[in-house]
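[1] need a 3D model of the sequence below.
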Amino acid sequence: MANKVLSRIDSASGCEVDKILLRDFTSSFRCGYVVAEGGVTMPHGYVDVCDKIAQFSLRDDDIFVASFPKSGTTWTQEMVWLLGHNFDYEKAKEFLPARFPFLEHTPLFDYRGFHRKFPDFDVPPYVNNSVQFINNMSNPRFIKSHLPYDLLPEQISLNTGKSKIIYVWRNVKDCLISYYHHCILLEGYKGNFDNFYKMFLANKVGYAPFWAHVLGFWKRRDQENILFLRYEDMKADLPSVIRRVASFLGKPCSEEQLLKLADHLSFENMKKNPAVNYEPVCEMNKKLGLINAEGSFMRSGTVGGYKTYLTQEQIGEIDKWTEKCLEGTGFSP
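    Here you go, the predicted structure:
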């Protein structure tokens, strides 16, 4: 098996963006970054689990929701979980990460540093040892990942299992804005937006490069085990997307069930639902002094919000960058 980690990002490289990343985006729970296979930027903790993830044993009825961060992941997870569990809204009151865990959750944070600072704090097992937690789950397993296709468990690319993958992507400009706010609120980013913007376009934020991530799943969109979704389509006509997902999963969905699920998944209801809105996590981070920022995990959920946030110069630069990244691929965003 090839090593999935290529090098550690070092401020001595002389690269301005590397210096910004290490200055503004490290903390007591994020000690540094590495470059993984495919030029993917990952927190340094990925070194400890990349082999475990690569060797992760799939089961035929595993269901993955995959995405680049802040592309509608939580929204899609809740939809998929309820379809897969026969609309059990009572069980859906359990915190989403416990019933739909995040495969590479553990390496996102340096828990050795965290435990030194908070030795008595009990980190949940789906966070502290996410791969093992998922290994111990009963069937069917519902698994979240932000990893690009080539960094997912090797059995997926070897096509040795029947696991299903639902991938959701979002307009890159809206994704950028949402990711910036998310990183301030939950991942300890201390810098300003302009520097985050530079890192995003230089592929120096977690899970970047963005377009390579999307394309990795898009070019496999015709495989029977992959469903390729677009966030903007979910916003425009959620019932139609629910029907597509239900068909993909082989789960019957009556019109009454569909309408109830669509209402449950409305932005207003998701935002006030403590099982999915991550407000308890945000409050805990503030209480522990890990984060000093205001805001909410579910901020606005709008389409096109970037138009009031980005400058015309930035919009033009992103458009040129996108055109270059997608040249010759046949993909039209």
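[2] now residue 310. Nearest residue, chain neighbours left out?
    Nearest in space to residue 310, with sequence neighbours left out and distances taken as C-beta to C-beta, 6 or more residues apart in numbering, is residue 173 at 6.3 Å. Where you see a C-beta, it was placed from the backbone N, CA and C, and this is true even at glycine.
[3] ok so the one you found is a strand residue?
    No - looking at residue 173 with DSSP: H, G, I helix; E, B strand; the rest coil, it is helix, so not inside a strand.
[4] hmm, it is touching residue 316, no?
    No - using C-beta atoms under 8 Å, residue 173 is not in contact with residue 316; the gap is 11.3 Å.
[5] neighbour count winner among the two?
    The neighbour count for residue 173 versus residue 316, taken as other C-beta atoms under 10 Å, is higher for residue 173 (19 against 11).
[6] residues in contact with that one?
    Residue 173 is in contact with 306, 310, 315, 318, counting by C-beta atoms under 8 Å, 6 or more residues apart in numbering.
[7] quick one: the first one and residue 177 touch, right?
    What it means is residue 306. Yes - Residue 306 lies in contact with residue 177 (C-beta under 8 Å); the separation is 5.3 Å.
[8] which residues in the stretch 201-333 of the chain form helices?
    210-218, 231-236, 238-249, 255-264, 267-271, 279-287, 312-326 (DSSP state H, counting those that start in this stretch).
[9] element containing residue 156, please.
    Using DSSP states H and E, residue 156 sits in helix 154-157.
[10] same question for that helix: list its buried residues.
    154-156 (16 or more other C-beta atoms under 10 Å).
[11] quick one: contacts of it?
    Residues from elsewhere that reach helix 154-157 (C-beta under 8 Å, 6+ apart): 1, 54-58, 149-150, 161, 163, 165.
[12] any stretches of the stretch 51-200 of the chain with poor pLDDT?
    Residue ranges of the stretch 51-200 of the chain with pLDDT under 70: 111-121, 159-161.
[13] list the contacts for the residue nearest in space to the middle of the chain?
    For the chain, the residue nearest the mean C-alpha position is residue 69 (3.4 Å; C-alpha atoms, centre = their mean). Contact analysis of residue 69 by C-beta under 8 Å, 6+ apart lists 146, 175, 179, 182, 206-207.
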